[in-house]
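Q: The following comprises the amino acid sequence and a computationally predicted model.
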Amino acid sequence: MDFQQIEKKWQERWKEDRVFEPKVDKDKEKFFITVPYPYMSGSLHIGHGRTFTIGDIIARFKRLEGYNVLFPMAFHVTGTPVLAIADAIRAGDDKVISLYRDYVGIYEDDEKKIEEILHSFKNPENIARYFADKVIRDFISMGYSIDWRRKFHTAEPIYNKFVEWQFKKLYGKGVIKRGKYPITYSPVDGNPVGEDDIEDGDVNKVTIMEFTAIKFEFGDGFLVAATLRPETIFGVTNLWINPNGEYCKIHVNGEKWYVSKEAAEKLRYQKEKIEMGRCLSGTYFIGKFAKEPVNSRKIPILPAEFVDVDNATGVVYSVPAHAPYDYQALADLQKNEEYLRKFGLNPQDVKKIELIKIIDIEGYEMPARDICEKMKIENQKDPQLEEATQIIYKDEFYSGILNEKCGEFAGMKIGEIKDEVKNWLRTTGKADVFYETSRKAVTRNGHKVIVAVLQDQWFIDYSQEWWKELGHRATSRMIFYPEKYRDMMHDIIDWLDKRPCARKRGLGTKFPWDREWMIESLSDSTIYMAFYTIAHIIREENITAERLKEELFDYVFLGKGDSKDISEKTGIPKEVVERMRDEFLYWYPNDLRHTAPAHMSNHLAFFIMHHVAIFPEEHWPGGISLNGLMIREGAKISKSKGNVIPLAHISERYGVDLFRLYCATAADLDTVMDWKESEVSSLRKRFQRIVAIIEESVNSREIDKLNHYDRWLLSRFYKRYKESVELMKNFRIRDATLNMMFHFVNDIKQYEKYVGKERRRRIIRKILEDWLLMMSPVVPHITEEFWHRLGHDSYISLEKLREAKMEYVDERVEMEMDYVDSLIEDIKEILEVTKLKPKGVYIYTSPAWMKEVVKKISDASPKDAMRIAMSVDIPVNKGEIAKFVKRVLKEKIKYMNIEELEVLKREKEYIEKEIGAKIFINSDYDPKGKKKIAVPFKPAIYIEG
RNA sequence: GCGGGGGUUGCCGAGCCAGGUCAAAGGCGGUGGACUCAAGAUCCACUCCCGUAGGGGUUCGAGAGUUCGAAUCUCUCCCCCCGCACCA
């Protein structure tokens, strides 16, 4: 069977006949499913494929359930990545160029053409256009049932108009604000930099650290020392200055600060008004004194070469009791008189410096000293100091308590009081803020990255109570699968705060009130599902962006105003305006959004929040379903690991239906799925077996006269069918698919044991259509193929599920066969254990009264069982009954509504075939006296060897 | 830090939410057999331990508890993983 050719054939037919382009049909219930649009910075791989595939399976199942399903798709290009790629290609960055050469190579064979395309990537729009085009191709090749009429990308003018509208609505709610905000920045480029602009930014993330810059009085100004542990200020003993560094005086908000030259440079980007003063060598400060801000103690300024002038302010205050670095540096200094004299310091003075302990913590006398001694740290260059610092920090943070030296903070746990100390220092003017990158970073061009503070950053303020309340309400009412994500979403909504929503660079939509800014990529992708409902009309009617006025969207999405006015205002015909409104009203809300859990705390939270802010309640999101990551052979799939399988190769390498089947069955939805070649090939074999079974039945005549084996199989099938429908409805795609395909195949095998292969073809033919329908969401191509081979003109992709034929469910015949098969198992086990070669097998059923008793007590509680049994009118002595009842309870014998003797006689031949020996039922021959151990539904067995 | 999720028989991984029918699905791997000149593919059987009668024993991170009964519920401990503000 040529799977590839079958896939292609049906994909083309679906496209030709516009099978997945649903129309508004008010008589039909709709279902609107979305999966977030992919980002266009490259091609997609099997990892992405899992999410889109699950989305498609759900969409197809909903169609099967009879819904009018809309599954649209678009492309995301907002932000800097595409820009950064174009920049890198233009700059001749080899790494990026070879990466994109590989990407393009997935689709093109001709070397010359590849280079040509690569060349065109110097323009970011071409990157977006190229990959959007390929993603469409890939998605079609995956059999996704997407309505492509509605596609767009996020840098298109019509979309920009929509996003502008969204922001105007948010502005009207009072949630768009401006304020200060720290960002990573390149002074050389004069630009903010994102992860994509930073060298190794993707593997070694750069975050922004907020230091507390504490002001120590010095001369006419302050030496400003930055720290991440402001609570230790109470234990300061001295300042550290790097004697090899250069320190400058700067004017900040009317104050004079002394910081390293490098820090002064950074502060220019962090403070509003900065004036540079003159610079001095670090040695100038050494030996002088400064005053600490809390108690105005005079503390000495000492030399320390471990101080990095390019980290924070280049001035460090020393807390030797609690900071291992400080402790060790001080100890080194106290030992090195010669060095001290070099700076004109009196060694005796330095030796007099005592540790000031300000934190009480169990297990430590003097924390920094204890750990340095314990770890046998020799000097301040010892690399173990970093680890020592970590250990002390963690211990003190969780179990340290500030002591009496800490004023109003005495007796408090560090973890609880840290921020309060910080705020106290800042609000009393003893300290300020200094931002620093978490590591030394440079841009891809090698330019230094620092932290700058934007003075007029645009924010969305999620912190407002009314808004969170609406968000919670929506979250409570939505469907979440898996359910656990509902609670998580509540937590996230509580945690949401102000969030910057615009950047200075990137593709996308310009900020409506400030064209210098671009709306950032997560903020422009929150309610665009609404745009899908009208995107195709905008295209069909050739409506230009200028016509997409605020009033039009107000009418279409919010029902404000009337169509006649809007038609006049925009020049769009009234019927078209009304059609847009109709289309929106029909499809909205978005019933299900399917994606990966990584989006919870950003995209999905904004998706909910923006909807509740802008739309009336009936248009709030209906649900969220999530699936876990896909990894490959135990490793994360990534370009750098070189283990990427592009979506474009699936059809050829594996077959699309097989891939989809793997996505459906290889792992539960919310767990990580491992793509393993060995598992894929084993799945292929099992899948092919099913295909073969179907193929053999397609041309068979349906069975007419059913025997009890047939009834057994039909019963199993329709039970599974019904279960599977329920499972699918509850997003249990894996269980449903396993049940419908592999568990049912086990039934078929069992059936073949009963009656052989020939009859199987005709019995399968009888259930074939129902079977194909149930499998079609997961393996749409092969089922479509067989559907048509069965003579249908309709598409299985648009068919409706049939009611399970429960009249075929026959508990009795299933119980009978269970009974027979467990008897065979028992006989086989005895043979196994005894190693007997059976000459004859004797089977003895229990006396009839026993069955009577079991029936009577089967539903009774163990307590009542005895009493009930005794009341049964049977001619057997009570002692024997009591003994038997105890056995029933102990062995948990369950009542079955079957006639054992009849069944045994009927299945005699089958049993004999299975065990390879003659059987004798209820013979008088009983040499070992086995007969008496028979109980109902578990006959006694004697094997003559 | 904040939030979430886990630890199951050689491995991966179900089951645990609704305790018993769980020695615990399925796959992979392994062993044996059929087929074959042979290998591969395929198919069948077995795969915790013991057992010459359908049975018994010991298991589900560690420990304690609830219960007639716990992989499943409660508590404590140990270990692992994931997401978190501009990054899409």
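A: Happy to help now that I have it. Numbers count the residues shown, from 1 in each chain, chains lettered A, B, ... in the order given.
Q: Show me the helices in the stretch 401-550 of chain A, by range?
A: A:414-427, A:465-477, A:484-495, A:529-540, A:550-558 (DSSP state H, counting those that start in this stretch).
Q: got these as CSV, with mean pLDDT columns?
A: Output for the helices of the stretch 401-550 of chain A, formatted as CSV (pLDDT from 0 to 100):
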stretch, mean pLDDT
helix A:414-427, 79
helix A:465-477, 90
helix A:484-495, 84
helix A:529-540, 97
helix A:550-558, 97
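Q: burial measure for whatever residue of chain A ends up closest to RNA strand B, as a count.
A: Residue nearest to RNA strand B within chain A: residue A:194 (2.3 Å; C-beta to the nearest atom of the strand). (Each C-beta comes from the backbone N, C-alpha and C, glycine too.) Residue A:194 has 21 neighbouring residues, counting by other C-beta atoms under 10 Å.
Q: now residue A:536
A: 18.
Q: Format the CA atom coordinates belonging to the host helix or strand of residue A:766 as CSV.
A: In the assignment (DSSP states H and E), residue A:766 maps to helix A:757-775. Output of helix A:757-775 as CSV, limited to C-alpha atoms (Å, rounded to 0.1, in the frame of the first residue of the first chain):
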residue,chain,number,x,y,z
LYS,A,757,-9.4,-16.1,9.8
GLU,A,758,-11.9,-16.6,7.0
ARG,A,759,-14.9,-15.7,8.9
ARG,A,760,-13.1,-12.7,10.4
ARG,A,761,-13.2,-10.8,7.0
ARG,A,762,-17.0,-11.0,6.9
ILE,A,763,-17.5,-10.0,10.5
ILE,A,764,-15.1,-7.1,10.3
ARG,A,765,-17.0,-6.0,7.2
LYS,A,766,-20.1,-5.7,9.3
ILE,A,767,-18.5,-3.1,11.7
LEU,A,768,-16.0,-1.6,9.2
GLU,A,769,-17.7,1.7,8.6
ASP,A,770,-18.2,2.4,12.3
TRP,A,771,-14.6,1.4,12.9
LEU,A,772,-13.2,3.6,10.1
LEU,A,773,-15.2,6.6,11.4
MET,A,774,-13.8,6.2,14.9
MET,A,775,-10.3,6.0,13.7
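Q: packing partners for that helix?
A: Helix A:757-775 sits against helix A:677-698, helix A:708-729, helix A:744-755, helix A:780-789, with contacts defined as 3 or more C-beta pairs under 8 Å, 6 or more residues apart in numbering; DSSP states H and E.
Q: right, so the ones you listed: which one is the most enclosed?
A: helix A:780-789 (a mean of 23; mean count of other C-beta atoms under 10 Å).
Q: What pLDDT does the model give residue A:859?
A: As predicted, residue A:859 sits at a pLDDT of 67.
Q: swap in residue A:398?
A: Reported pLDDT for residue A:398: 66.
Q: same deal with the one 10 residues further on?
A: Reported pLDDT at residue A:408 in the predicted model: 80.
Q: for residue A:231, same thing?
A: The predicted local confidence for residue A:231 is 85.
Q: And residue A:76, by the same measure?
A: Listed pLDDT for residue A:76 reads 92.
Q: now swap in the one 3 residues further on and tell me
A: Confidence at residue A:79, expressed as pLDDT, is 84.
Q: measure the nearest residue to it once chain neighbours are set aside to residue A:341 for me?
A: Residue nearest to residue A:79 in three dimensions, not counting chain neighbours: residue A:521, with 3.6 Å by C-beta to C-beta, 6 or more residues apart in numbering. Separation of residue A:521 from residue A:341 (C-beta to C-beta, to the nearest Å): 59 Å.
Q: next one: residue A:528
A: Taking C-beta to C-beta, one finds residue A:528 at 71 Å from residue A:341.
Q: residue contacts, the residue nearest to residue A:79?
A: With contacts defined as C-beta atoms under 8 Å, 6 or more residues apart in numbering, residue A:521 is in contact with A:76, A:78, A:79, A:154, A:506, A:508.
Q: just to revisit the earlier point, could you export the helices of the stretch 401-550 of chain A as JSON lines, including distance to RNA strand B?
A: Formatted as JSON lines, the helices of the stretch 401-550 of chain A follow (distance: least, C-beta to the nearest atom of the strand, whole Å):
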{"stretch": "helix A:414-427", "distance to RNA strand B": "7"}
{"stretch": "helix A:465-477", "distance to RNA strand B": "12"}
{"stretch": "helix A:484-495", "distance to RNA strand B": "4"}
{"stretch": "helix A:529-540", "distance to RNA strand B": "16"}
{"stretch": "helix A:550-558", "distance to RNA strand B": "23"}
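Q: Need the ones you listed in CSV (columns: distance to residue A:575).
A: Formatted as CSV, the helices of the stretch 401-550 of chain A follow (distance: least, C-beta to C-beta, whole Å):
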stretch, distance to residue A:575
helix A:414-427, 60
helix A:465-477, 33
helix A:484-495, 40
helix A:529-540, 11
helix A:550-558, 13
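Q: For residue A:735, find the nearest of these.
A: helix A:484-495 (17.7 Å; C-beta to C-beta).
Q: what helices or strands is the closest one leaning on?
A: helix A:465-477, helix A:605-614, strand A:623-626.
Q: swap the cut-off to 10 Å and go again
A: Packing contacts for helix A:484-495, counted by 3 or more C-beta pairs under 10 Å, 6 or more residues apart in numbering; DSSP states H and E, involve helix A:465-477, strand A:479-481, helix A:605-614, strand A:623-626.
Q: So for residue A:933, which of those sits nearest?
A: Proximity to residue A:933, assessed across the helices and strands packed on helix A:484-495 by C-beta to C-beta, is greatest for strand A:479-481 (50.7 Å).
Q: If you average the pLDDT over that closest one, what comes out?
A: 86.
Q: quick one: strands adjacent to it?
A: strand A:623-626 (parallel) (DSSP bridges).
Q: Beyond the strand it pairs with, next helix or strand please.
A: Of the helices and strands lying after strand A:623-626 in sequence (DSSP H and E), the nearest is strand A:630-632.
Q: What strands flank that next one, and is each parallel or antiparallel?
A: If you go by DSSP bridges, strand A:630-632 pairs up with strand A:635-636 (antiparallel), strand A:673-675 (parallel).
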